[in-house]
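Novice: Provided below are the primary sequence and the corresponding predicted coordinates.
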Amino acid sequence: MNSVANTIQAVPLNHYILLSAIIFSIGVMGVLLRRNAIVIFMSVELMLNSVNLLLTAFSVYRGDAAGQVFVFFIMALAAAEVAVGLAIIVMIYRNTNSIDINVLNRLKW
Amino acid sequence: MNTLIIISVLPIVLLYLGLYKAQKALLPVTIIGMLIALGAAVMQWSDNAQPIYHGMMLFNNFSIAFSVVSIVSTILILMLSKGYFEKISSHIAEYYAIILFSLAGIVVMVSYHNLTMLFVGIEIMSVSLYILAGIRKNDFASNESALKYFLMGAFSTGFLLFGITLIYGASGSFDLDGIRDYVLAHPRNIDPIFYTGVLLIIVGLCFKVGAAPFHFWTPDVYEGAPSLITAYMSTVVKAAGFAAFLRLFSASFGSIATFWSPVLMVITIITLFIGNITALYQQSFKRMLAFSSISHAGYLMFAIVALGAASANSVFVYATAYSIASIIAFGALVLVRQQTGSDNVEGFNGLARKNPFLAFVLTVSMLSLAGIPLTAGFVGKFYMFSGALLQYKYIMVIVAVVNAIISIFYYFRVIIAMYFRSADRSEVVVPAYYKFVLGFSALVTIAIGVYPALISSLI
């Protein structure tokens, strides 16, 4: 296991932070700009996975397992969210024959 | 901690009852189980609670008080739901089970002592709520509400997680005490990513409690979801969100308040104005309540901006007052909607002549939400404002008072519709369950208003 930790530590921590921040921003832009519910959903997953990457990096740099355990929690709960979220999207597709979120404009001020 | 175990096991029992077609037993079993959980929570009342499960949870008086409020509000809402879910589908055991699962998440949220548990609690609660918002499978509004809630909820979870990660990166700990110790040990040179983390956590939590500028999902979701689910979301969930918010900020970030309190102050002021001014234009009673819940989020935020020893208590009093008054409002809305078929304020015209009791309890609820003296809402606002004045936050209090005056306008529109507008209508049938819940809530509202010492020095 030490060799894995050494390999991860060969890259400076700042690079991990930057990479994660970039992936996270791509996810945020995807949620804000795209109109397809599935693509928005994928962008959210991208956000969560950038967090996972960063947690793992911090965890290795600190030699503390808590961060990696947190990653398992995120994965488990992301899976639960996928199950519920896809069910909601399927329900909407059955009713409207579309997964474009622009059709969802019945509730407005 | 038995409370959490009971509330987690109870829904599984309910699912079995549903499997064996024991529809009649569902509500009694739910309520009895929750009363046992309530008793288990009260039994643990003590002044020297220690973190349990390796520092993951801390079930102290703060947690007990908020668990009790959440459980009692949920019991009241479930009593209103008798005969309500049957109209949506024949499989009603699932609804009770999912509501209880989300309540289990809420108990975790109010008693966490580690950011892992905060995340797990928020997710258990949210994932259940996504399902509940969309339980009317063939109704467009309910579908739309579920999808919007789901996408925004998942999005905000991302921000919350990124914030937690950055705080972990700076402090090396998920534990609330560990983070506090890190902040205290580095008074001058806190890592910049720690501050970024605090800001991202604020964004994530503001999404969850529906504070402006992260409130835009709230009105749509609240309007589209079935009314009783909206009642649950805007009372129990909101109170729990603020309990979690307050616990994190008072336990860990208290010593860097100069950094985040201006941010929260701006958020509070925007929230108050957006909530109250937009509520003025609403024709739909349900949507008006949604905006009013945004403005109440603004008032609740006061306790966090003016963080002090009394903050926990004022959030508790305010959340109790607000929850009870909202339950009355939503209960009355469900009844009136069954008769008139619309959510509009006009539906309440002339209600006082045919249903004096219903009109009276709704008046009490509106007065309490507006913060008129001798109701619980006034006591809540009093504690909030006095806490802010103690820290010389005059501008905030002036803004809040102006907003309270604006809010009187739209709350009184309902009262005027009930008492002074006439309309041809028949009597709304109020079932016994509703009479009990509405009467009990109105009584509690007035009791707290007249004698605030009942709950004001609990925590």
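Specialist: Good, I have the coordinates.
Novice: how deep is the residue of chain B found nearest chain A tucked in, by neighbour count?
Specialist: Going by CB to the nearest CB, chain A is nearest to residue B:158 of chain B, at 3.5 Å. To be clear about C-beta, it is placed using only N, CA and C from the backbone, and glycine gets the same treatment. Around residue B:158 there are 26 other residues, counting by other CB atoms under 10 Å in any protein chain shown.
Novice: what about the closest residue to it other than its chain neighbours, distance to residue B:453?
Specialist: Here the nearest residue to residue B:158 in space, its sequence neighbours aside, is residue A:47; by CB to CB, 6 or more residues apart in numbering or on different chains that works out to 3.5 Å. Computed as CB to CB, to the nearest Å, the residue A:47 to residue B:453 distance reads 47 Å.
Novice: quick one: stretch B:421-437 to chain centroid distance?
Specialist: Between the centre of stretch B:421-437 and the centre of its chain there are 26 Å (CA atoms, centre = their mean, to the nearest Å).
Novice: Any idea how far apart the tips of that stretch sit?
Specialist: 26 Å (CA to CA, to the nearest Å).
Novice: Identify the residues contacting that stretch?
Specialist: Stretch B:421-437 has contacts (CB atoms under 8 Å, 6 or more residues apart in numbering or on different chains) with B:76, B:79-80, B:82-83, B:327, B:331, B:335-336, B:338-340, B:346, B:349-351, B:353-355, B:357-358, B:438.
Novice: can you map out the strands along the stretch 251-400 of chain B?
Specialist: Counting by DSSP state E, counting those that start in this stretch, the stretch 251-400 of chain B has no strands at all.
Novice: Format the CA atom coordinates belonging to the lowest-mean-pLDDT helix or strand in chain A as CSV.
Specialist: Least confident helix or strand of chain A, by mean pLDDT, DSSP states H and E, is helix A:2-9 with a mean of 83. Extracted C-alpha coordinates of helix A:2-9, given in CSV (Å, rounded to 0.1, in the frame of the first residue of the first chain):
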residue,chain,number,x,y,z
ASN,A,2,2.9,2.3,0.7
SER,A,3,3.9,2.4,-3.0
VAL,A,4,0.4,3.6,-3.9
ALA,A,5,0.6,6.3,-1.3
ASN,A,6,4.1,7.2,-2.6
THR,A,7,2.8,7.4,-6.2
ILE,A,8,-0.1,9.7,-5.2
GLN,A,9,2.3,11.9,-3.2
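Novice: Could you find the closest non-adjacent residue to the residue most central in space within chain A?
Specialist: The residue lying closest to the centre of chain A (CA atoms, centre = their mean) is residue A:48, at 2.3 Å. Spatially, and ignoring its direct neighbours in sequence, residue A:48 is nearest to residue A:78 (5.2 Å; CB to CB, 6+ apart).
Novice: hang on, the residue nearest to residue B:158 is in a strand, isn't it?
Specialist: No. Assessed with DSSP: H, G, I helix; E, B strand; the rest coil, residue A:47 is helix; it does not lie in a strand.
Novice: For it, report the pLDDT, please.
Specialist: In this model, residue A:47 is scored at 95, pLDDT.
Novice: and if you look at the one 5 residues further on?
Specialist: Per-residue confidence at residue A:52 stands at 96 (pLDDT).
Novice: Could you check which residue of chain A lies nearest chain B?
Specialist: For chain A, CB to the nearest CB, closest residue to chain B: residue A:47, 3.5 Å.
Novice: Could you pull up the contacting residues of that residue?
Specialist: Residue A:47 neighbours (CB under 8 Å, 6+ apart): A:23-24, A:27-28, A:31, B:155, B:158, B:161-162.
Novice: same check, this time on residue B:313
Specialist: By CB under 8 Å, 6+ apart, the contact set of residue B:313 is B:383, B:456-459.
Novice: Pull out the buried members of the residues you listed.
Specialist: Buried members of the contacts of residue B:313, scored by 16 or more other CB atoms under 10 Å in any protein chain shown, are B:383, B:456, B:458-459.
Novice: Can you list the buried residues in stretch A:17-37?
Specialist: A:17, A:20-21, A:23-24, A:27-28, A:30-31, A:37.
Novice: do the same with stretch A:42-49
Specialist: Buried-residue list, stretch A:42-49, by 16+ other CB under 10 Å: A:43-49.
Novice: State whether the residue of chain B closest to chain A is indeed within a strand.
Specialist: No. Read with three-state DSSP, residue B:158 is helix and lies in no strand.
Novice: how close does it sit to residue B:207?
Specialist: Distance from residue B:158 to residue B:207, by CB to CB: 10 Å.
Novice: Likewise for residue A:87?
Specialist: 22 Å.
Novice: So between these two, which is more surrounded?
Specialist: Neighbours per residue (other CB under 10 Å) separate residue A:87 from residue B:207, with residue B:207 holding more: 23 against 15.
Novice: Just give the nearest non-adjacent residue to that one, would you?
Specialist: Spatial nearest neighbour of residue B:207, excluding adjacent residues (CB to CB, 6+ apart): residue B:156 at 3.2 Å.
Novice: Spit out the contact partners of that neighbour.
Specialist: In this structure, residue B:156 makes contact with B:203-204, B:207-208, B:214, judged by CB under 8 Å, 6+ apart.
Novice: how far does stretch B:352-369 sit from the chain's center?
Specialist: Computed by CA atoms, centre = their mean, the chain-centroid distance of stretch B:352-369 equals 22 Å.
Novice: Give me the buried stretch members for that stretch, please.
Specialist: Neighbour-count burial for stretch B:352-369 flags B:352, B:355, B:358-369 (criterion: 16+ other CB under 10 Å).
Novice: Contacts for that stretch next, please.
Specialist: B:292, B:296, B:321-322, B:324-326, B:328-329, B:332, B:335, B:348, B:351, B:375-378, B:407, B:411-412, B:414-415, B:418-419, B:422, B:425-428, B:430, B:435, B:438-439, B:441-442, B:445-446, B:449.
Novice: Buried ones from those, can you make that a ChimeraX selection?
Specialist: Per 16+ other CB under 10 Å, the buried members of these correspond to this ChimeraX selection:
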select /B:292,296,321,322,324,325,326,328,329,332,335,348,351,375,376,377,378,407,411,414,415,418,419,425,428,430,438,441,442,445,446,449
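Novice: So which of the contacts of stretch B:352-369 belong to helices?
Specialist: Using DSSP state H, the subset of those located in helices is B:292, B:296, B:321-322, B:324-326, B:328-329, B:332, B:335, B:351, B:376-378, B:407, B:411-412, B:414-415, B:418-419, B:435, B:438-439, B:441-442, B:445-446, B:449.
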